[in-house]
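1. Turn this into a model:
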Amino acid sequence: MSSLLKSHQLKISRKVGKNCEKLACWELFSCSKVLCPAHGRDKEDCWHIPLTQCSGKTEGDLYQKFSTCLACSYFQERGKMHPGGWDDFLARQVHPYIYKALAKIYQKEESFVEILNRIPDGLFTTDKELRITYFNPAAEKITGFPAADAVGMYCKDVFKNKICETDCALKRACEIGGDIHNREYVITNIEGREIPIMCSTTAFRDASGKIIGGLEIFKDITEIHRLQEEIVKRERKYRRVFEGSHDMIYTTNNKGEILEINQAGVEMLGYKSKEELLGLSHARKIYRNPKDRDRFIRRIDSEGFVKDYEVDFVKQNGSLIRVLISSRKYENPITGETEFEGIIKDITKRKQAEQIIRQRNLELSVLNSVAVAINLTMDIPHIFDVTLKNVIRSLKIKRGGVFLIDHNTRTARIEASLGLPVQDPNAGEGVMFKDTELRKHLLNPGGLLAPEPTFPIFKVRYKSVDGRKVPWLSCILITFKGKSVGFFGLGIPPNRILSDPEYRHLGSLGNFMGGAIENTQLMKTIHLHQQELSRLTQMLFLNQEEERRRIARELHDEAGQALTAVKLSLDRLEQNVAGSPDKLLEEISEIRKLVQRTSSEIRGLSYRLHPTLLVDLGLEPALNLYFKEMAARCALVIDFRMVGYDKRLKPDIETILYRFSQEALTNTLKHSGAETFRLSIIKSYPKIIFTAEDDGAGFDGQIGGNDKRSLGLIGMRERVVQLGGTFSLLGRSGLGARIRIEIPFEEAIYNGKTN
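-> Prediction:
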């Protein structure tokens, strides 16, 4: 409003003079400042109200408010109309504000000092001579000087710094009449410790502009220096990690821009320089499948981080590498953008190594499966099936077969197949070789091959039963000791090249299978020979027993009858001798005795060859009689028992046990020098347990050599094996010998008599 009064002072002076007593200021000047406390009042003058808005000032701006009022025509007219005159009028206007204004000024000064005392930075003021006039507590703490000592001292004596002597900041501020900000230097505190500080200096002026002193604010920047050094150290450490890492370290943003990348990342992706890589339009260009980048962003957006995200990258030359990404999302504090930082590891070699290990494990699994099949069975078709399935699984193909070579017919036939059609057995050409010369050599009975770990792959095909020709199969030879045994025929795609490990693996299988086939065939041959030998041995035992039986009958029937006839003739001769001459009768008596002795020996020989008692009454009575006769002829104590027999066994089993008993007792009598012989035959279904032991000299427990007793024991062992039983012999020098035989038997019994 003051500007309005000045511009219209002459124009309205008459109007004010006429209406000053009648109207208030806001009415006279049509004031629109309705917020003014004087607005709307009739009996109170505006200058009596501290917060009038004529000058736009507050109550504290007392002098500015009165300067505005003194220029106001309304104020001047009111002063002229005052009964006490102008001076009294002014005194009355000022008087209500004197005490209030002084109180506020004092309050402001006191509050200002309290604020200065509370600030964390050091602060002091000086006079124009640069002596300290005020020293706050923070300055005391930094310098170590009490305020009582510091006030009155020169600042250079407090700070003890050469710069204060040569280039005083306060002096320079006074000289230039301005401010000096953020100057750093080192002071020495009262304890002699150097402290880095940062200060700002200002010069004080009076109303005339003359320098009357200065103010300096300073802070201890020791911690700032420490933090700066720590930041520098961490920056160096980060830079060493960033640049020295063998893994890629990167930063990108939501737009796909590569913001930063280390040298390892540049080399990993095969770029010539960092600038070239940073110049890519989008990070998707380093992904084999750009959608992998989108999936990566979605995952990191949902979780805030990603660990070990496996993906394929494309190098600059187009080759692929397998990588693992570990990254996090954060907000750039400067730009506010969302960015991603992380580490990328090249795991291509690790993946290749894992693939090789898996392949090796698969190959070992194949060899183990084949070995187990060979170990469990000698069934060639089963071995072929197991081997073929494992080979097809390891090569990840769909079809294949195993072919065997018949050198006698000079043909090859398929023995096992998977995914292949059945071979036509009537096809004249059989298996067709792409290399005819190789066919002649492999199928030739006399064709030999130099031993090799792996032979070259060759091609064969054959005609199926429906007349179609099977596509060419890739073949790996199966050999044994330089002889071609067969080959694997595999349906390998034409565009696939076997790796060296796969090729060597198939070669090893070929050699392994060649030995297995030959060993299996050899074992079959041996088994057939063993069966034939067993059959012949059994026939030999049967024929031997039959021959003994025949000889026994002939001795008993023919020789015995002849001797009986001789005896009868001698009896008649003795009766018919005339006069009974003594000499002739004596001769006849001697001849009769000789005939009787011979007849007795023939009966004994016949019984030993084939005891009729064994046929007529059974095993136990026959052995009882045999042991009784043998005990009568020697000093050996014989203990014999049979347990569990309520019915007779089969005749052939009884004969065998009788012969075992004879052989055991004969060995004891001839070789052991024993005093006691024990024999037990126990029926314990489904086995017959035969044990014979003595307390003689014993032996080393081995069967063989030139020992005569070995022949009988070997015969016993072979006979037991033929019967499917077990034979064990225990002999220790000086501790006797023990034979234990277990023979399986059926519950079939024998009730009749044999002829």
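2. Neighbouring strands - and their directions - for the helix or strand encompassing Ile217?
-> Assessed by DSSP states H and E, Ile217 sits inside strand 211-220. Strand 211-220 pairs in its sheet with strand 122-127 (antiparallel), strand 194-205 (antiparallel), by DSSP bridges.
3. tell me which residues of stretch 21-37 are tucked away?
-> By neighbour count with 16 or more other Cβ atoms under 10 Å, stretch 21-37 contains the buried residues Ala24, Cys25, Trp26, Leu28, Phe29, Cys31, Cys36. Bear in mind the C-beta positions are built from the backbone N, C-alpha and C, glycine included.
4. biggest separation within those residues, which pair?
-> Farthest pair in these (Cβ to Cβ) is Leu28 and Cys36. Separation: 13.7 Å.
5. If we only consider the buried residues of stretch 21-37, which is nearest to Ile217?
-> The nearest member of these to Ile217, counting by Cβ to Cβ, is Cys36 at 40.5 Å.
6. Assign a three-state SS to the closest one, would you?
-> Under the three-state scheme (DSSP: H, G, I helix; E, B strand; the rest coil), Cys36 adopts coil.
7. I figured it was touching Thr52, is that so?
-> Yes. Using Cβ atoms under 8 Å, Cys36 is in contact with Thr52, at 5.4 Å.
8. Run through the strands of the stretch 451-600 of the chain in chain order.
-> For the stretch 451-600 of the chain, applying DSSP state E, counting those that start in this stretch gives strands covering 458-461, 473-480, 483-490.
9. For these, give me a markdown table that also has mean neighbour count and distance to Asn136.
-> A markdown table is the format used below for those (neighbours: other Cβ atoms under 10 Å; distance: least, Cβ to Cβ, whole Å):
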| stretch | mean neighbour count | distance to Asn136 |
| --- | --- | --- |
| strand 458-461 | 18 | 101 |
| strand 473-480 | 24 | 96 |
| strand 483-490 | 24 | 95 |
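10. Ser508: which of those strands is closest?
-> Nearest of these (Cβ to Cβ): strand 473-480, 10.0 Å.
11. Other residues contacting the strand holding Ile217?
-> Contact with strand 211-220 is made by 120-128, 130, 133, 139, 142, 155, 169-170, 173-174, 177, 195-206, as judged by Cβ atoms under 8 Å, 6 or more residues apart in numbering.
12. so what's Thr252 bridging to?
-> Under the criterion used (DSSP bridges), Thr252 bridges to Ile258, Phe340.
13. can you pull the contacts of it?
-> Ile258, Leu259, Ala283, Glu339, Phe340, Glu341.
14. Counting neighbours, which of those residues comes out on top?
-> Neighbour tally across these (other Cβ atoms under 10 Å): the maximum, 22 neighbours, falls on Phe340.
15. quick one, what contacts that residue?
-> Thr251, Thr252, Asn253, Ile300, Ser327, Arg328, Lys329, Tyr330.
16. returning to that earlier point: mark which of the contacts of strand 211-220 are buried, thanks.
-> The buried subset of those - by 16+ other Cβ under 10 Å - is 121-126, 130, 139, 142, 155, 169-170, 173-174, 195-204.
17. quick one on the thing from earlier: closest to Leu362 out of the strands of the stretch 451-600 of the chain?
-> Proximity to Leu362 (Cβ to Cβ) singles out strand 483-490 among the strands of the stretch 451-600 of the chain, at 15.6 Å.
18. circling back: and which of the contacts of Phe340 is nearest to Thr520?
-> Closest to Thr520, out of all of those and judged by Cβ to Cβ, is Ser327, at 59.5 Å.
19. Look at that closest one and tell me its secondary structure.
-> Applying three-state DSSP: Ser327 is strand.
20. and what of Val366?
-> Assignment for Val366 (three-state DSSP): helix.
21. hang on, the earlier thing: buried ones only from the contacts of Phe340, please, as a PyMOL command.
-> Only the buried entries of the contacts of Phe340 go into this PyMOL selection, using 16+ other Cβ under 10 Å:
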select buried, resi 251+252+300+327+329
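22. from the contacts of Phe340, which single one is nearest Val372?
-> Taking the contacts of Phe340 together and measuring to Val372 by Cβ to Cβ, the closest member is Ser327, at 47.8 Å.
23. so how far is Tyr330 from the closest residue to the closest one other than its chain neighbours?
-> By the measure of Cβ to Cβ, 6 or more residues apart in numbering, the closest residue to Ser327 outside its immediate chain neighbours is Gly342, 2.8 Å from it. To Tyr330, Gly342 is 11 Å away according to Cβ to Cβ, to the nearest Å.
24. Then Phe305?
-> Applying Cβ to Cβ to Phe305 and Tyr330 gives a distance of 10 Å.
25. With Glu184 instead?
-> 33 Å.
26. so which strand or helix has the residue nearest the centre of the chain?
-> Nearest to the geometric centre of the chain sits Glu354, at 10.8 Å (Cα atoms, centre = their mean). Taking DSSP H and E as the definition, one finds Glu354 inside helix 348-376.
27. And for Arg299?
-> With DSSP H and E as criterion, Arg299 is part of helix 290-303.
28. Check which residues of that helix are buried.
-> Buried residues in helix 290-303, counting neighbours by 16+ other Cβ under 10 Å, are found at Asp292, Arg293, Phe296, Ile297, Ile300.
29. any idea of the pLDDT on the second one?
-> This points to Arg293. With respect to pLDDT, Arg293 scores 91.
30. can I assume it is in contact with Gly256?
-> Yes. If you go by Cβ under 8 Å, Arg293 and Gly256 touch, sitting 7.4 Å apart.
31. Now the common contact residues for these two.
-> Joint contacts of Arg293 and Gly256 (Cβ under 8 Å, 6+ apart) are Ala283, Arg284.
32. Gly696: what secondary structure?
-> coil.
33. residues contacting the closest residue to it other than its chain neighbours?
-> Nearest non-adjacent residue to Gly696, counting by Cβ to Cβ, 6+ apart: Ser672, 2.6 Å away. Neighbour list for Ser672: Asp694, Gly696, Ala697, Gly698, Gly736, Ala737 [criterion: Cβ under 8 Å, 6+ apart].
34. now what about the host helix or strand of Ile231, what contacts it?
-> Using DSSP H and E, Ile231 sits in helix 222-244. With contacts defined as Cβ under 8 Å, 6+ apart, helix 222-244 is touched by Ile195, Pro196, Met198, Ile249, Asn262, Gln263.
35. Max pairwise distance over those residues: which two?
-> Farthest pair in the contacts of helix 222-244, by Cβ to Cβ: Ile195 and Gln263, 41.9 Å.
36. got the domain boundaries for this protein?
-> As recorded under automatic domain parsing, the domains making up the chain are 2-112, 119-226, 245-346, 375-610, 612-744.
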